[in-house]
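S.K.: could you work out the structure for the sequence below:
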Amino acid sequence: MKNIRYSVFSFLAAGAVFLASCKKESENIYNRFTDVDVTYNSALNSDEVILDFEVSTPTTSPAINQIYTVNVAETGSNTPLVTLTANSAERNKFAGVVKLKKSSAGTGTYRVWAVGASGAQIAAATVVFNGGNPVVNPVLVSGNTILTDGQTAYIDYTLTSGKEDIHYITVEKYPGAGTNQVDRVVTNVSDPSKRRNYSGLVKVVANRTGKTSYRIYAQNSTNVYIGDGYKQLTIDVPEVNYRLLHNRRLYAPTNDGNSLSFYSISKDKAYSYNEGKENSADIDFGIFTKVDQNPQRLGQLIFNLYSLSNPTNPNPVYGISDWQKRTTRFSNFIASSATLFNYNLSSSSEIETRAKAETLTRTILEGTQQSNGLAPNTLVYFVTPEGKYGCIFVNALSVDYDGRPYLSISIKVQK
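M.R.: Numbers count the residues shown, from 1 in each chain. Have a look, this model is predicted:
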């Protein structure tokens, strides 16, 4: 009996030692990346400034005027405080953001110049300073932060490593700019003196309604993750300042005038021709159809749109000469736009920025085949007479239970 008790005791003791070793091993696993830490600065020092700028070369000679490096110096000086290298995608337009130390005898402003492959300054390059020269009262994100739509802020960070050299810095953004996945930007730490203590600056533009998270971490010479201090930043744009009108139907025009083929964006309502005249002051566009002559789609309808202010009426069956004419203007068709609509156009400021990048002068959009008219996955930007920017996305072409062809659209428009 004594031997049995001793055996049981030995077994329990061994189990305790095993469990203790497991606990210790678990602690080592979870703490193995704490030798790298990241510090997010909440304010600049009194002798620090941020410079946020863009350098562009003439579009007339893009091959001749290519940017290889960009120099930043104090105004009146030819001695660079910092030299930035342009990659192959930045040869004609370079965006930079840097933190600089002010000199006590300096002017307080800075000059930026582009240098070509020969080492000479590109005299025709233009420089635009964002937020002032230097940036006036920059906002630094050091924790979870609420920003307004379109607001610019900066992440001023320092990564320190106690045991291992840092060779790469990765900045992760979720959700990404083009999808709901993570965007990653990797910086190579080429200066050996900065591999245990590296500082950087990330520009943040609040162009997405809701929350966006940022994480900055270090990797070693073999690209293996070595830590980030388990820290993450989140910016929040809480105000939804655009309207989403989802899955609205517009029907192909019919001779009886009862088809809902006109639409008011501000009223979020479709009208028939018979209702149109008394509501024409609110109608932004109408739908007209053509018959596809392509042998593979012969007889199928091509959906198109027109503003009531178009000089000619593309659907003479519906006389609109005595209607009021809103001057809503449109871009051309933009194909393959589901990702753009779902993920990029996620705030009022981003909708406006992307719409303004298009030519918004069209009053009629007319495809020659079903695939290049208002086809599924097609997007069209617009601006209303009141200056509200938005976009129309085509979800589908279909027919209802009564066999009536219709266009399913979703709209995003500034409030």
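
S.K.: and residue 124, its phi and psi?
M.R.: phi -90, psi 0 (degrees, to the nearest 10).

S.K.: ok, it - contacts?
M.R.: For residue 124, the contact set (C-beta atoms under 8 Å, 6 or more residues apart in numbering) comprises 57, 58, 61, 65. No exception for glycine: its C-beta is placed from N, CA and C like everyone else's.

S.K.: please repeat the previous calculation with a cut-off of 10 Å.
M.R.: Contacts here follow C-beta atoms under 10 Å, 6 or more residues apart in numbering; on that basis residue 124 touches 56, 57, 58, 60, 61, 64, 65, 114.

S.K.: grab the nearest non-local neighbour of residue 354.
M.R.: residue 345 (6.6 Å; C-beta to C-beta, 6 or more residues apart in numbering).

S.K.: any chance of the contacts of residue 124 in a markdown table, plus secondary structure and neighbour count?
M.R.: A markdown table is the format used below for these (DSSP: H, G, I helix; E, B strand; the rest coil; neighbours: other C-beta atoms under 10 Å):
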| residue | secondary structure | neighbour count |
| --- | --- | --- |
| 56 | strand | 17 |
| 57 | coil | 22 |
| 58 | coil | 13 |
| 60 | coil | 8 |
| 61 | coil | 11 |
| 64 | coil | 11 |
| 65 | coil | 19 |
| 114 | strand | 26 |
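
S.K.: quick one on the thing from earlier: quick one: the residue nearest to residue 354 and residue 392 touch, right?
M.R.: No: the pair residue 345 and residue 392 fails to qualify as a contact (C-beta atoms under 10 Å) at a distance of 11.2 Å.

S.K.: overlap in contacts, those two.
M.R.: What both residue 345 and residue 392 touch, as defined by C-beta under 10 Å, 6+ apart, is the set 379, 381, 412.

S.K.: so who does the first one touch?
M.R.: Applying C-beta under 10 Å, 6+ apart, we find residue 379 in contact with 331, 333-338, 340-341, 345, 354, 391-394, 409-410, 412.

S.K.: model confidence for it, exactly?
M.R.: We note a pLDDT of 97 for residue 379 in this prediction.

S.K.: off-centre distance for stretch 277-295?
M.R.: 32 Å (C-alpha atoms, centre = their mean, to the nearest Å).

S.K.: got the buried residues for it?
M.R.: 279, 280, 282, 283, 284, 285, 286, 287, 288, 289, 290, 292 (16 or more other C-beta atoms under 10 Å).

S.K.: export those to JSON lines and tack on distance to residue 154?
M.R.: Converted to JSON lines, these look like this (distance: C-beta to C-beta, whole Å):
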{"residue": "279", "distance to residue 154": "48"}
{"residue": "280", "distance to residue 154": "49"}
{"residue": "282", "distance to residue 154": "43"}
{"residue": "283", "distance to residue 154": "45"}
{"residue": "284", "distance to residue 154": "39"}
{"residue": "285", "distance to residue 154": "41"}
{"residue": "286", "distance to residue 154": "47"}
{"residue": "287", "distance to residue 154": "46"}
{"residue": "288", "distance to residue 154": "49"}
{"residue": "289", "distance to residue 154": "51"}
{"residue": "290", "distance to residue 154": "52"}
{"residue": "292", "distance to residue 154": "52"}
